[in-house]
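Sequence unavailable; structure follows:
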């Protein structure tokens, strides 16, 4: 149980790789190899998987007994001597009792969906930036972007992608394929969501509104970027220097420092800058001298 407990991605959703299938498979292999090394046994990976399933079932059994004891106002007594060693699994195995309506759910994701239905919130939240999602699979894709853990890549430019669908959509940037057409003006879009956003502009109906200020947005991504500014979340990371920014626009502007030609030069010390703003700020170090 201890080796299993150490690999938190197998049971603790606070571990950012909890929803990554490839990382969980790696963790299972690690548990298998270390268990055999420490015990001298020669169990197969399938055997280890069965043992993990057994531990989870035992934890679920004890958790259910706790719930029954609580409802009947009885004192709970563990049935197994080692029950305390698997209590860490209680956050990942059922039953889960809703504090609002007392309904009992078996799985953690089903419980999240049920609980969120009471207040209309999104059931799957990112612990890094607070974004919410209707589906667990969408949260998993989002989390991969936080840690740059990609399992797919473009065959043309090697751009990493979180899903095969993302690769397919990205490929349209190489082929210039735009299969979605606006009935009103003939505008062509690469994705159905881009076309929907375009249509809303025709109707002057922004799809999203900030809860903290009056600003409205046509695109979900624009709202998320705007909310990052309110929360001062700097999750747009420069791959060159690891500096963080709240919006993609700020990140792109910053990346010019690394990528672009430094065409602005100081007339006094000849230091060069990729952006005029950088030169302007630098000139202040020389005193009240115009940068032009």
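Ah, there it is. All values derive from a computational prediction rather than experimental measurement.

Identify the residue nearest residue 48 in space, chain neighbours excluded?
For residue 48, ignoring the flanking residues on the chain, the nearest one in space by C-beta to C-beta, 6 or more residues apart in numbering is residue 32 at 4.4 Å. In this view, the C-beta of every residue, glycine as well, is placed from N, C-alpha and C.

For residue 121, the count of nearby residues, please.
As a burial measure, residue 121 scores 11 neighbours (other C-beta atoms under 10 Å).

Next: residue 107.
Residue 107 has 13 nearby residues by other C-beta under 10 Å.

Before we move on, what's the pLDDT of it?
For residue 107, the pLDDT comes out at 94.

Spatially central residue in this protein, please.
Nearest to the geometric centre of the chain sits residue 143, at 2.0 Å (C-alpha atoms, centre = their mean).

Surely that residue forms part of a helix?
Yes - assessed by DSSP: H, G, I helix; E, B strand; the rest coil, residue 143 belongs to a helix.

Any figure for the gap between it and residue 149?
Relative to residue 149, residue 143 is positioned 8 Å away (C-beta to C-beta, to the nearest Å).

circling back to that earlier point, can I assume the residue nearest to residue 48 is in contact with residue 46?
No - Residue 32 is beyond contact range of residue 46, at 9.3 Å (criterion: C-beta atoms under 8 Å).

So for those two, which sits in the more crowded spot?
The neighbour count for residue 32 versus residue 46, taken as other C-beta under 10 Å, is higher for residue 32 (20 against 9).

quick one: the helices in the chain?
Secondary structure of the chain by DSSP state H: the helices cover 2-6, 21-39, 45-71, 108-119, 136-147, 164-175, 192-203, 220-231, 248-259, 276-283.

Out of those helices, which is closest to residue 97?
helix 45-71 (6.1 Å; C-beta to C-beta).

avg pLDDT for that closest one?
For helix 45-71, the mean per-residue pLDDT is 95.

on that earlier part again, could you tell me which residues touch both of residue 143 and residue 149?
17, 20 (C-beta atoms under 8 Å, 6 or more residues apart in numbering).

Run through the stretch 151-292 of the chain and note the low-pLDDT ranges.
Within the stretch 151-292 of the chain, the segments meeting pLDDT under 70 span 260-261, 288-292.

and if you look at the stretch 1-150 of the chain?
Looking at the stretch 1-150 of the chain by pLDDT under 70, you get an empty list.

okay, the helices of the chain in a markdown table with distance to residue 184 next?
Formatted as a markdown table, the helices of the chain follow (distance: least, C-beta to C-beta, whole Å):
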| stretch | distance to residue 184 |
| --- | --- |
| helix 2-6 | 58 |
| helix 21-39 | 42 |
| helix 45-71 | 54 |
| helix 108-119 | 36 |
| helix 136-147 | 30 |
| helix 164-175 | 22 |
| helix 192-203 | 5 |
| helix 220-231 | 22 |
| helix 248-259 | 28 |
| helix 276-283 | 39 |
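
Nearest to residue 265 among the ones you listed would be which one?
Distance to residue 265, taken as C-beta to C-beta, is lowest for helix 276-283 among the helices of the chain, at 7.5 Å.

Flag every buried residue along that closest one.
Buried positions in helix 276-283, judged by neighbour count with 16 or more other C-beta atoms under 10 Å: 278-279, 282-283.
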